[in-house]
Each structure stands twice: as C-alpha cells, then as structure tokens.
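# structure, please.
(one chain, ligands or ions: 1)
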Amino acid sequence: MMHSIPGDAPDLAAENQQLRARMTYMIEQAERNHSIMMRHQAFDLEIVGAGSFPELIGSIFRSLPAISELDSVTLSLIDEDADIRTVMEKLGVDFAAFPDLLFVPGTAHLGFDLGTRHAQSPPPKPMLGMFDPVRHARQFPQPARRLQSVAIVPLLRNKRIIGSLNLGSVDPARFTPSLGTDFIEHMASIIAICLENVISNEMLKYIGLTDSLTGVYNRRYIDRRLLEEIGRARRQNYAISFMYIDIDHFKRVNDTVGHQGGDEVLREVANRIKAELRLSDALARFGGEEFVVLLIDADLDSAAFVAERIRASIAASMIGLAQGVQLSITGSIGVACLDEAGDGPAEAAALQLIAHADEALYLAKSGGRNRVMRFTPS
Ligand SMILES: Nc1nc2c(ncn2[C@@H]2O[C@H](COP(=O)(O)OP(=O)(O)OP(=O)(O)O)[C@@H](O)[C@H]2O)c(=O)[nH]1
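Model (predicted):
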C-alpha cells in the first residue's frame, strides 16, 4: 500500500527532477570530456606519427585549433643561429605555408618572466590572461579578430626552453590566471618532444646529404636528386645539364700549402661556384677535388655559358690562405646535357649523363686545363 504524504510530494518531485537534470548535465559533461579526450588522443597519435618537420607543424596548425576550439594558434621556436631555419630551407620546407611558425633568437623573446635563472630554477609556468595586442604582438602577429584571452605555454625539453605554444580564444573566460594549467602543460610537453624529435631527424638527414668540409651537397644527395629531376624533366619536357668541375693540379696545391691549405682552397672554390649558380641548381662535392653541378631547365648552350663563368671566376683572382700565402688556381670543366625525352630507366640516364660530363672533363684536361668542354656524341 502506498503512503502519500500530502505536501511533501511536490517537494520530492521537484528534487527528483532537479537530480535528474543534474544527472543529465553530468552525463553530458562526461560525454563531452570523453569526446575531448578522444580527440586529444587522436591528435597526440597524429603528431607522434609525423615523419617530418613540415608534417608536424602542419598537423599542429591544422588540428589543434579544431580539437581545442581555439581561434589562434602560433608556435615560437628558439633558433639562436638560424640553424633550424637554414637546414629546413635547404631540405625544401616552404615557410610561406606556415605564417604562424615564428622563429626567435633566444628565450628572452618568448615573453616569459624569467627573472634571474640558474640551473636549479623551476621551469617557467604557462602565462594565462587577457590578450594585449601590444604585449602579445610577437606571439600573435596576425591575431584572430576579437581575440580576448591567451595562453603562452613554454615548450620544455629536459627543463630547457625550446619555444612556446601560443593559444588564443575569442572567449575572455577561456584563459584566466586562475585556471589550472595541467592539461595545456601536458599537451605542450608532447608537442615539445615531437618537435625536438623531428628537428633532430631533419638535421641528421641534412648532415647525411652534405659535405662537411665545404657545406655543399654530397654524392648521395646528387644521385637521389638526379633521379627525381630526370623524371620531372621528362614529364615537363625541359632539359637538364650536368657539369663536372675539377681543380687543376690540386696535388701540387696540397704539396705546397699542406692538406689544410688545400681544404681552404676547396672551400673557396665551392663558394665561387655557388656564386655563379641559380637557386634551383644543385652543387655537390663528389669527393676529392671534384665538384659537380646539376642545372635544371638548362640546355647544353646555357650550361656551357654558366660553366665558362665558373671557370673565369675560379681563375679571376688569387686565393688567400690563412697561412698568408696567395695561390693562383684554375679548374677544368666538362658539360653534358640529358638526351631529349628518353624513356629508358632514369638510373641509366643518370649514369650516362654523369659519364658524358666526365668524358668532356677528360677532354678539357687533355686539351690543356683551365677550359670548358662540352660532350658531343661522336
Ligand atoms: N686538401 C684536400 N686534398 C684532397 C682532398 N681529397 C683529395 N685530395 C687531393 O686531391 C689530389 C687530386 O689529385 P689528382 O687527382 O692526381 O689530380 P690533380 O693533381 O688535381 O691533377 P689534374 O686533375 O690532372 O689537374 C690528391 O693529391 C688528393 O690527395 C681533400 O678533401 N682535401
């Protein structure tokens, strides 16, 4: 039998309804948090799996604003001597595609209040608060319209600051100084690990493709690039040319000024060659005193013209060495052009192009050195 207590029933019903509403709200919140967590987990997996610097940066700028409902996301990276930027550019990263990637020369440019820091100082904490167009101009050079609150989160690797992740929202209550920062610190720590990882991988890639003495590319790079360029030249129907440059009587140089002096000559010759080339051309040292140049969209005539400029520049003025000696240097150059639109394997075409330039170089040497010779099929 049911006992009804008149008067209490409406209270109970109201309480019940209140509890139900609260429950629904909590379930909704839990579902929302779960979905945020899942999106962040997917984001973590995406950035951990990024295979290159542009892939990682692209993922951060594409996915983070969406999953975290942010209106501005930028990244400041410390790049003291512009090494990161230079290497990435050499590896073909197009920075124009990442206007929100900012390079700064040092920690002081990140905007954290670092005071007098020493090795034991705790790492700086994220700075949360109202957006100030003047104070935050460096972090948000192109802020979203009506940006209201921001979080400047340090990117730390082993307590070392490598940059900052800069988050902005049009919601003034999104980032307030009283807000807990565990979540964004966690996110920043994963981003920092991924960044350090791809940057060192790209640096290794770069070191593996360059010649440590002169800083120009090495044979591995040219072998790889030549195959790519032969494919492209055939598809787009333009000519590519190849140049073999060999310093004359280099053995004598080493014998007179020593190996170190010889190394200085190699560096200077590399610089002189580089100065005559276009950005799209690739210069490499093939070992010893031999350099090669791959010229894109250049027929035999234009390649021979550039070769003549290089020859003249090497011979033009004496090279001054650290030991105070001045040396007169000349070089011999062989030039060849890729046979028009062949369709055999690119590997065979590459080997043939190199061999033809080498043959032309031999003619230049046997013809008296300090000259340019072209390969012409006999
Ligand atoms: N300093 C220096 N010398 C090198 C390096 N690699 C190779 N060599 C030297 O380059 C010289 C190459 O000499 P050769 O190939 O005989 O030719 P060359 O004396 O230049 O004479 P031609 O090419 O016939 O004009 C050798 O003495 C090598 O020891 C290097 O990395 N640094």
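# tell me the first helix or strand C-terminal of the longest helix seen in the chain.
Ordering each helix of the chain by length in residues (DSSP state H) puts helix 8-48 first. As assigned by DSSP states H and E, the chain's next helix or strand after helix 8-48 is helix 53-67.
# the protein: strands as residue ranges?
Counting by DSSP state E, one finds strands in the chain at the ranges 72-78, 101-104, 127-130, 149-157, 160-169, 240-247, 282-285, 290-296, 319-320, 326-327, 331-337, 372-374.
# now do the fifth one against strand 149-157, angle only.
Using axes from the mean of the first three to the mean of the last three CA atoms, to 10 degrees, the direction of strand 160-169 lies 160 degrees away from that of strand 149-157.
# parallel or antiparallel, list what pairs with strand 160-169.
Sheet pairing for strand 160-169, assigned by DSSP bridges, gives strand 72-78 (antiparallel), strand 149-157 (antiparallel).
# compare those strands and give me the one nearest residue 374.
Each of the strands paired with strand 160-169 has some distance to residue 374 by CB to CB; the shortest is strand 72-78, at 46.6 Å. From N, CA and C alone the C-beta is placed, and that goes for glycine too.
# ok, back up a step: any chance of CSV for the strands of the chain, columns distance to the ligand?
Below are those laid out as CSV (distance: least, CB to the nearest ligand atom, whole Å):
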stretch, distance to the ligand
strand 72-78, 34
strand 101-104, 33
strand 127-130, 51
strand 149-157, 36
strand 160-169, 35
strand 240-247, 5
strand 282-285, 8
strand 290-296, 8
strand 319-320, 13
strand 326-327, 12
strand 331-337, 7
strand 372-374, 14
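# CSV for these, including mean neighbour count and mean pLDDT?
Converted to CSV, the strands of the chain look like this (neighbours: other CB atoms under 10 Å; pLDDT from 0 to 100):
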stretch, mean neighbour count, mean pLDDT
strand 72-78, 21, 97
strand 101-104, 19, 96
strand 127-130, 18, 95
strand 149-157, 22, 95
strand 160-169, 23, 95
strand 240-247, 25, 97
strand 282-285, 23, 96
strand 290-296, 23, 96
strand 319-320, 16, 96
strand 326-327, 13, 95
strand 331-337, 27, 98
strand 372-374, 23, 98
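# how many neighbouring residues does the residue in the chain that the ligand sits nearest to have?
With CB to the nearest ligand atom as the measure, residue 262 is the residue of the chain nearest to the ligand, at 2.6 Å. Counted with other CB atoms under 10 Å, the neighbours of residue 262 add up to 21.
# where are the low-confidence patches of the stretch 201-350 of the chain?
Where the stretch 201-350 of the chain drops to pLDDT under 70, the residues are 339-342.
# quick one on the thing from earlier: which non-adjacent residue is nearest the residue of the chain closest to the ligand?
In this structure, residue 262 finds its nearest non-sequential neighbour in residue 254, 4.2 Å apart by CB to CB, 6 or more residues apart in numbering.
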